[in-house]
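A.B. asks: next one to model:
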Amino acid sequence: MSANVDTNNKNNKNNNINNHADSSHNDSSHNDSAHTMTSTSQAATVSDSSLSSPSSTSSKHSSSPLNQPPNQPNSQISLFANLSWRLWAMLIGLAALSLWSSWVLIDQQWTRPLRDLLISSSQLDIASMAIQLHIVATSVVALLAGGLLGVVSILLQQLVKNPLASDTTLGVGVGAQLAMLIVTLFLPSLAIYGGLYVAFVGAIISMGLVFALSAPSRFNPLILILAGLVVNILLAAVANVLVLFFAERSNGMLSWAAGFLAQASWHTSIALVITAILMAVVCLPLLKPLTLMSLDDTQAKRLGVPINGIRALVVLVVAVVTALVISEVGLIGFIGLGAASLVNALGISAIGKRLATAFGLGALLLLLTSNVALLLEPILDMQIPAGAMTGILGAPLIIWLILRQRRERIETVTPMLAGKHTSIAFWRWGVGVLAIIMFACLFVQDINGWGLSTDWALTQQYRLPRSLSAAATGLMLAVAGVLLQTLTRNPMASPEVLGVSSGAALGVILGFLLLPSLGLSAGAGTLLVSGLSGAMAVLLLIIWLARRVSSGYLLLVGIGIAAMMDGVMHMVKLSGDPRLEAMLSWLSGTTYSAQPSTVWYLIGIAAILFILSLLLIKPLRVLGLGTGVARNLGVAVTPVTLSLLALVAALSTASTLAVGPLSFIGLMVPHLATSLGAVKLERQLPLAALLGAGVMVIADWIGRYVIFPYELPAGTIAAIIGGGYFLWLIRKVPASVNR
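C.D. replies: Numbers count the residues shown, from 1 in each chain. Presented below is the predicted three-dimensional model:
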């Protein structure tokens, strides 16, 4: 009897697995047709194949026995042999670079015999002990922290079946950092026993918020990453407000948040060693359930896997480990995503091998980054945080990874916000924007309190230029967002998300630093050219990659460039260079520097670019149907695409140069216009322009008076307003996608 039961169970399992393989094959063929769908009703027909394991997505067709020609050896054998060679080459290359950089660092700083590096610190003199800790303890921390972050990202990807998931993209690290900042400023007694508990609460809250927003869509890949992006921007904006308002009390917090790995004791190393051991013990019994869950939730339940319990345990492990790493060494972005992306590029499917490989790759990546930062410190004569370096070095890495992925798809459907087509009275919206500008200029707060301003000279000199600058920049970013979302057929596309604004800002910073050395003045014209060059370079990179990889992977470009921008901003803040310190307010997105003599030029540029965008509506609407359809309808795809890219670059650069890099306007306003009934592009574009202008004027007015006589940057207020609205709006997306 028992033998028969065992035999039946095996047959049932084999049938389940075979059924899953057949359904995966059908889903994969269905994906190719579903990818071209643009309407919400078409998108809703896509099956649950979008929830397939990231590690198995690229091998669905190749792994099916039906696709193998007869009398041919099993392709899996040669595939795994090739992957093994690539894996060892990757590990050996990273290990060689890490060892070489460590050797150079030791050769520069250690004057005693090499064996003395490994003896007890108590046997060394004070100077030698400090150098030993600076080299050895820092290297140990880098290895363990990088490895743990790599494992965390793999667990998150396995949990939500999304290769873009990581502690960075899902807001785990930012939530932990914000919690520690709040406790440091207002409730320091709560951190008396260490920052782990505080960081853990913040990580759980931010991760829970992301999961709650994306759960109704069954963790649709784009919805999940969109939710993580929104939470990241919103929490970062709240942190910026606290830092600006409590600048002196948060200075130490800023240095810590940059991610310094340099150690003065063995405390952090011991804590991370214990964490790594405990995590290995916890992950071992999870290997089999996670493997079964990668097939299908229904299949896993039939095989006896407690899915909800496993998910809760994984979330708990991720939150604890991330909180501990952040509380000990600060926010280290990009390492987890980079290590997990390398594992996915290598095609490793077994969960145990994925976790072990991610630990090794994350450890080597962070060690190499830490060594590079330590070697550059004497050259640049400043302290360089490893957290900032991870962003700067991570962008080229992620672009290389994208090229390795080629045409692999990470999403099956592009969810679009649905709106009911209604008539739009544009003149009413235009009058409303003018009324908002007049209100912002006339209803002000001064030392006498709130009231209407009667000093026209003061209004003309200060208030009107700032309100008009805010309106112009909001208009340009909103138009750029509509153009990018329509061109790429991606609701997450915007100058901020794809890195166009960050590219423009980086171009301006580099121009500000390098132009004087070339004998050129860093004026508005030359900075405009350098910013335009940066934005155009990013756009050309995106379009070049778009022809080689799935559109979902382009989100990684924006993540990488944004990480690079964050790293540069940390370097600017810590450099102490008075030239760069003058740019900090600009980097926060403020209209403070608006002048009456230049604001009308900005208005003129915005008007010209807006008119040009209206002229491109017809070919853009056809391009939104696909390049093949556009060619059949007589559209010159390449010239029109290049014209649109140049227009988006000009819109992003002009707005960035005027008030600095902003968040959320280009991402939020097009969706807001759609939800208000502007479904067609010819209506969405002008309505989004008006809404963008109005939102930015309101944000600038609130920033000027919310904590009067102090000011908050308009970009920070716009991120908070947009973040709150988008958190509500994104809950409406899954219902329309899944209907």
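A.B. asks: Lys161 contacts Phe219, correct?
C.D. replies: Yes. At 7.1 Å, Lys161 counts as touching Phe219 under the criterion of C-beta atoms under 8 Å. In this view, the C-beta of every residue, glycine as well, is placed from N, C-alpha and C.
A.B. asks: Ile348 is in what secondary structure piece?
C.D. replies: For Ile348, there is no host helix or strand (DSSP states H and E).
A.B. asks: correction: the previous question concerned Trp450.
C.D. replies: Using DSSP H and E, Trp450 falls in strand 449-452.
A.B. asks: and Lys161 and Phe219? which has more neighbours close in?
C.D. replies: Set Lys161 next to Phe219 and count neighbours by other C-beta atoms under 10 Å: Lys161 wins out with 23 against 20.
A.B. asks: quick one: that one from Met207, how far?
C.D. replies: The gap separating Lys161 from Met207 is 16 Å, by C-beta to C-beta, to the nearest Å.
A.B. asks: quick one, strands of the stretch 301-450 of the chain?
C.D. replies: For the stretch 301-450 of the chain, the strands defined by DSSP state E, counting those that start in this stretch cover 443-446, 449-452.
A.B. asks: count of residues packed around Ala176?
C.D. replies: Neighbours of Ala176 using other C-beta under 10 Å come to 32.
A.B. asks: shaky segments in the stretch 301-450 of the chain?
C.D. replies: 394-395, 397-398, 401-421 (pLDDT under 70).
A.B. asks: can you map out the helices along it?
C.D. replies: 307-329, 335-346, 351-380, 386-405, 426-442 (DSSP state H, counting those that start in this stretch).
A.B. asks: who are the packing partners of the first one?
C.D. replies: If I follow you right, that is helix 307-329. helix 138-160, helix 172-186, helix 196-214, helix 267-283, helix 287-293, helix 297-302 (3 or more C-beta pairs under 8 Å, 6 or more residues apart in numbering; DSSP states H and E).
A.B. asks: about what we covered before: okay if I get the helices of the stretch 301-450 of the chain as CSV plus mean neighbour count and distance to Ala493?
C.D. replies: What follows is the helices of the stretch 301-450 of the chain, written out as CSV (neighbours: other C-beta atoms under 10 Å; distance: least, C-beta to C-beta, whole Å):
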stretch, mean neighbour count, distance to Ala493
helix 307-329, 21, 28
helix 335-346, 29, 20
helix 351-380, 22, 28
helix 386-405, 22, 16
helix 426-442, 16, 24
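A.B. asks: closest to Thr653 out of those?
C.D. replies: Of all these, it is helix 386-405 that lies closest to Thr653, at 19.2 Å by C-beta to C-beta.
A.B. asks: could you measure from Ala718 over to Val659?
C.D. replies: Using C-beta to C-beta, one obtains 10 Å as the distance from Ala718 to Val659.
A.B. asks: need the overlap of contacts for the two.
C.D. replies: Residues within reach of Ala718 and of Val659 at once, by C-beta atoms under 8 Å, 6 or more residues apart in numbering, are Gly589.
A.B. asks: now do Ile611, the pLDDT please.
C.D. replies: Looking at Ile611, its pLDDT stands at 94.
A.B. asks: which of the residues in stretch 203-219 are buried?
C.D. replies: Residues 203-207, 209-211, 213-214, 216-219 are the ones in stretch 203-219 that count as buried (16 or more other C-beta atoms under 10 Å).
A.B. asks: now, of the strands of the stretch 301-450 of the chain, which is deepest in the fold?
C.D. replies: Ranked by mean neighbour count under mean count of other C-beta atoms under 10 Å, the strands of the stretch 301-450 of the chain are led by strand 443-446, which reaches a mean of 15.
A.B. asks: what's next to it, contact-wise?
C.D. replies: Residues contacting strand 443-446 (C-beta under 8 Å, 6+ apart): 450-453, 463, 705, 708.
A.B. asks: return the distance of it from the chain's centre.
C.D. replies: 38 Å (C-alpha atoms, centre = their mean, to the nearest Å).
A.B. asks: what do you get for stretch 665-680?
C.D. replies: Offset of stretch 665-680 from its chain centre (C-alpha atoms, centre = their mean): 22 Å.
A.B. asks: now it: buried residues?
C.D. replies: Buried-residue list, stretch 665-680, by 16+ other C-beta under 10 Å: 665-674, 676-679.
A.B. asks: is it possible to get JSON lines of the residues you listed that adds pLDDT, secondary structure and distance to Gly531?
C.D. replies: Output for those, formatted as JSON lines (pLDDT from 0 to 100; DSSP: H, G, I helix; E, B strand; the rest coil; distance: C-beta to C-beta, whole Å):
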{"residue": "Ile665", "pLDDT": "84", "secondary structure": "helix", "distance to Gly531": "17"}
{"residue": "Gly666", "pLDDT": "85", "secondary structure": "helix", "distance to Gly531": "16"}
{"residue": "Leu667", "pLDDT": "80", "secondary structure": "helix", "distance to Gly531": "20"}
{"residue": "Met668", "pLDDT": "82", "secondary structure": "helix", "distance to Gly531": "23"}
{"residue": "Val669", "pLDDT": "88", "secondary structure": "helix", "distance to Gly531": "22"}
{"residue": "Pro670", "pLDDT": "89", "secondary structure": "helix", "distance to Gly531": "23"}
{"residue": "His671", "pLDDT": "84", "secondary structure": "helix", "distance to Gly531": "26"}
{"residue": "Leu672", "pLDDT": "85", "secondary structure": "helix", "distance to Gly531": "27"}
{"residue": "Ala673", "pLDDT": "88", "secondary structure": "helix", "distance to Gly531": "27"}
{"residue": "Thr674", "pLDDT": "86", "secondary structure": "helix", "distance to Gly531": "29"}
{"residue": "Leu676", "pLDDT": "85", "secondary structure": "coil", "distance to Gly531": "32"}
{"residue": "Gly677", "pLDDT": "82", "secondary structure": "coil", "distance to Gly531": "35"}
{"residue": "Ala678", "pLDDT": "82", "secondary structure": "coil", "distance to Gly531": "30"}
{"residue": "Val679", "pLDDT": "80", "secondary structure": "coil", "distance to Gly531": "33"}
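A.B. asks: lovely, talk soon.
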